[in-house]
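Novice: What follows is a predicted structure for the sequence shown.
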Amino acid sequence: MISEKEIIQAANIIKNGGLVAFPTETVYGLGANALNPSAVAKIFEAKERPSFDPLIVHIALLEDLQILTEGIDERVYKLADKFWPGPLTIVLPKSKIVSDIVTSGLNTVGIRMPNNLIALNLIKHSQCPIAAPSANKFGRISPTKAEHVKKQLPNIDCILDGGSTKVGIESTVITIHTDGFVILRQGVITKEDLEKVLPQSKQKIENNEFISSPGNLKSHYSPNKPLFLQGEYTQKLNTKNAVFLSFGKKPASEFKHIEYLSETGNFNEAAVNLFEKLHLLEDSEYEFIVADSIPENGIGIAIMDRLRKAAHKYL
Ligand code: TXA
Ligand code: MG
């Protein structure tokens with residue numbers, strides 16, 4: 001699909017302080033050399049991202065954890081052993097090498113090893129960790145295909161097209177307290193998965209941990225067409241020109257079209273389809289979208305979290 005040569009060319013762009021959009025298993029990322037502050041600044045500019053929103057640093061080798069962090073203990077290695085490469089971001093105390101622009105001035109840095117060969121090869125050839133948020137404009141729908149990146153960020157130096165992403169929603173973000181983990185952003189690695197390695201912390205989450213994790217902003221992932229949650233849209237709206245985004249159920253009223261996140265109510269399939277369908281529907285003829293409710297257990301929590309935030313601005 002993508003040759004080694006293309007990855008090396010992209011890596012040269014990273015080395016020279018440019019931006020490269022690349023696939024991960026979750027969503028496409030917009031990458032820059034994490035150790036070059038002026039390269040990282042270009043990410044914020046391209047995304048129109050507020051500087052208070054910290055970036056995730058992507059690594060290909062476990063050794064890089066040592067370089068980027070300070071004072072981590074064996075619990076981090078246990079998590080890495082079980083979940084990396086994969087859709088888990090661990091927020092850890094940062095070392096001095098990580099500049100404030102990456103972490104929005106926080107003394108912690110979010111790190112993950114993506115489970116995608118193009119991403120891992122890009123990092124290896126770039127010979128540096130890569131800071132990368134999702135490759136969308138701030139607050140908009142995350143990209144699961146190269147064409148989604150092109151749509152929102154047409155002026156990026158380079159987009160590596162690795163086809164559709166396998167997971168479909170962003171990584172689970174956690175931080176580690178003395179007594180266990182705290183989930184800062186939901187993803188396909190669930191509380192139950194994490195509990196196989198570490199207990200969930202019983203300590204109160206500090207306010208600044210949540211503020212610093214804009215995955216927690218109320219509005220995010222918004223399509224440019226109104227999206228309502230099933231049961232939350234006003235009955236006065238005429239659904240005859242609208243589309244129902246179903247998780248297997250039939251809608252109560254009449255819709256012009258039904259699009260399926262999953263016909264059988266499968267969470268993994270719904271996660272893969274979520275942003276893909278939102279991109280498709282925002283560009284469609286339908287007036288607005290009504291999303292089915294998703295049972296809030298397991299991966300359903302992460303999917304419903306995205307839908308709620310995507311719908312928030314239309315409440
Ligand atoms: O799957 C993913 O995580 C994708 C791919 C590209 O890796 N990346 C991604 O990045 O979703 P982004 O920038 O869209 O979301 C990063 C979120 C921040 O908004 C914040 O919620 C959390 O990760 N985060 C990053 N660094 C943090 C830190 N030091 N403390 C707390 N939260 C942090
Ligand atoms: Mg994002």
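Specialist: Here it is on my side, so go on. Ligands and ions are numbered 1, 2, ... in the order given.
Novice: just the CA coordinates of stretch 100-115, formatted as CSV?
Specialist: C-alpha atoms of stretch 100-115 as CSV (Å, rounded to 0.1, in the frame of the first residue of the first chain):
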residue,chain,number,x,y,z
ASP,A,100,5.9,23.0,27.4
ILE,A,101,4.3,23.4,24.0
VAL,A,102,3.7,19.6,23.8
THR,A,103,2.2,19.4,27.2
SER,A,104,0.4,22.8,27.4
GLY,A,105,2.7,23.7,30.3
LEU,A,106,1.7,20.6,32.3
ASN,A,107,4.4,18.6,34.1
THR,A,108,3.0,15.4,32.6
VAL,A,109,3.1,14.0,29.1
GLY,A,110,0.7,11.5,27.4
ILE,A,111,2.6,8.7,25.7
ARG,A,112,1.5,5.8,23.5
MET,A,113,2.9,3.3,21.1
PRO,A,114,0.5,3.0,18.2
ASN,A,115,-0.3,-0.4,16.7
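Novice: With ligand 1 in mind, check whether that stretch reaches it.
Specialist: Yes: Stretch 100-115 lies within reach of ligand 1 by Cβ under 6 Å from any ligand atom, at 103, 106, 108-110, 114. Every C-beta, even on glycine, is put in place using the N, C-alpha and C of the backbone.
Novice: That stretch: which residues count as buried?
Specialist: Neighbour-count burial for stretch 100-115 flags 101-104, 106, 108-115 (criterion: 16 or more other Cβ atoms under 10 Å).
Novice: got the residues of stretch 100-115 next to ligand 1 as JSON lines, with pLDDT columns?
Specialist: Converted to JSON lines, the residues of stretch 100-115 next to ligand 1 look like this (pLDDT from 0 to 100):
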{"residue": "103", "pLDDT": "96"}
{"residue": "106", "pLDDT": "93"}
{"residue": "108", "pLDDT": "96"}
{"residue": "109", "pLDDT": "97"}
{"residue": "110", "pLDDT": "97"}
{"residue": "114", "pLDDT": "98"}
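Novice: Reformat those residues as JSON lines; add secondary structure.
Specialist: Formatted as JSON lines, these follow (DSSP: H, G, I helix; E, B strand; the rest coil):
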{"residue": "103", "secondary structure": "helix"}
{"residue": "106", "secondary structure": "coil"}
{"residue": "108", "secondary structure": "strand"}
{"residue": "109", "secondary structure": "strand"}
{"residue": "110", "secondary structure": "strand"}
{"residue": "114", "secondary structure": "coil"}
